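J.: sequence and predicted structure below; questions after.
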Amino acid sequence: MIQPFIRVDGPAAALPEENVDTDIIYPARFLLITARLGLGPYAFHDRRFRADGTEVAEFVLNRPEWREAPILVAGANFGSGSSREQAVWALLGRGIRCVIAPSFGEIFQANCYRNGVLPITLPPAQVAALSAAAAAAHPFAVDLEAGTVTVAGRPPIPFSVDLERRLALLNGWDETATLLNAYGADIGTFEERHRRHQPWLFEGENDA
């Protein structure tokens, strides 16, 4: 199971740069870390820190207003480059549950859905407006049930998500749970028929 995504409220960090790849999100030298949890400190590491380890104060996720922002408004082709699920794990480790962008790297986008991060694709003009609102520290609300992104005092912006992925996020289903929900009845029917036609395969399965 993954953490369900129903609604997220809070500040949104604006990172409008295009082509932010997975090596920027999670530098390759940290791939030797095998843990899935606790990767938040490595997210955007080389943007957040100088070579001597001091923080880059002007980087958006180091600013007090956005240090704990649960929403990221990004530029086009966010998460492009090599496949590394650690990039999403690192974002989750920082508490980021939603990324809004004009487009995503295909594998990164799939990894987001797989791990409970909502990637929202919107037209560039809408993303630019949201980025400006984020930079002005306006509160955001992302409601997956309603399918809307709302900035305080403005009309909601609708977005769409594939039904299967939407249900998985709302319910906190991982890939196995999603498959069982979609095909559980078919699996049960097959097993029943299999037992009926080849009962000898199941003899003794309940023996102590």
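T.: Yes, it's here. Numbering: from 1, shown residues only.
J.: which parts of this protein are strands?
T.: 7-10, 12-15, 71-74, 98-101, 118-121, 140-143, 148-151, 157-158 (DSSP state E).
J.: present the ones you listed as a markdown table; the columns should include distance to residue 129.
T.: The C-beta positions use only the backbone N, C-alpha and C, and glycine is treated the same way. Converted to a markdown table, the strands of the chain look like this (distance: least, C-beta to C-beta, whole Å):
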| stretch | distance to residue 129 |
| --- | --- |
| strand 7-10 | 18 |
| strand 12-15 | 11 |
| strand 71-74 | 10 |
| strand 98-101 | 11 |
| strand 118-121 | 14 |
| strand 140-143 | 12 |
| strand 148-151 | 8 |
| strand 157-158 | 9 |
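J.: columns distance to residue 199 and mean pLDDT on top of the ones you listed, output as CSV?
T.: Listed next are the strands of the chain as CSV, based on distance: least, C-beta to C-beta, whole Å; pLDDT from 0 to 100:
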stretch, distance to residue 199, mean pLDDT
strand 7-10, 50, 98
strand 12-15, 59, 99
strand 71-74, 55, 99
strand 98-101, 51, 99
strand 118-121, 46, 99
strand 140-143, 51, 99
strand 148-151, 53, 98
strand 157-158, 53, 98
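J.: low-scoring stretches of the chain, by residue?
T.: 175-192, 194, 201-202, 204-208 (pLDDT under 70).
J.: quick check: closest non-adjacent residue to residue 96.
T.: Leaving aside its chain neighbours, residue 96 sits nearest to residue 72 (5.4 Å; criterion: C-beta to C-beta, 6 or more residues apart in numbering).
J.: rewinding a little: identify whichever of the strands of the chain lies nearest to residue 50.
T.: With C-beta to C-beta as the measure, strand 12-15 is the member of the strands of the chain nearest residue 50 (18.5 Å).
J.: and that closest one, what does it pack against?
T.: Helices and strands touching strand 12-15, by 3 or more C-beta pairs under 8 Å, 6 or more residues apart in numbering; DSSP states H and E, are strand 71-74, helix 124-135.
J.: partner strands of it, with direction?
T.: strand 71-74 (parallel) (DSSP bridges).
J.: what are the contacting residues of the strand it pairs with?
T.: 8, 10-17, 20, 91, 96-101, 127, 130-131, 134, 140, 142 (C-beta atoms under 8 Å, 6 or more residues apart in numbering).
J.: try it again at 6 Å.
T.: 12-15, 96, 98-101, 130-131, 134, 140 (C-beta atoms under 6 Å, 6 or more residues apart in numbering).
J.: out of those, which comes closest to residue 63?
T.: Using C-beta to C-beta, those come closest to residue 63 at residue 13, 8.1 Å.
J.: any chance of the strands of the chain in TSV, with mean neighbour count and distance to residue 27 too?
T.: TSV is the format used below for the strands of the chain (neighbours: other C-beta atoms under 10 Å; distance: least, C-beta to C-beta, whole Å):
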stretch	mean neighbour count	distance to residue 27
strand 7-10	15	26
strand 12-15	26	16
strand 71-74	26	18
strand 98-101	26	18
strand 118-121	21	21
strand 140-143	20	28
strand 148-151	19	30
strand 157-158	14	33
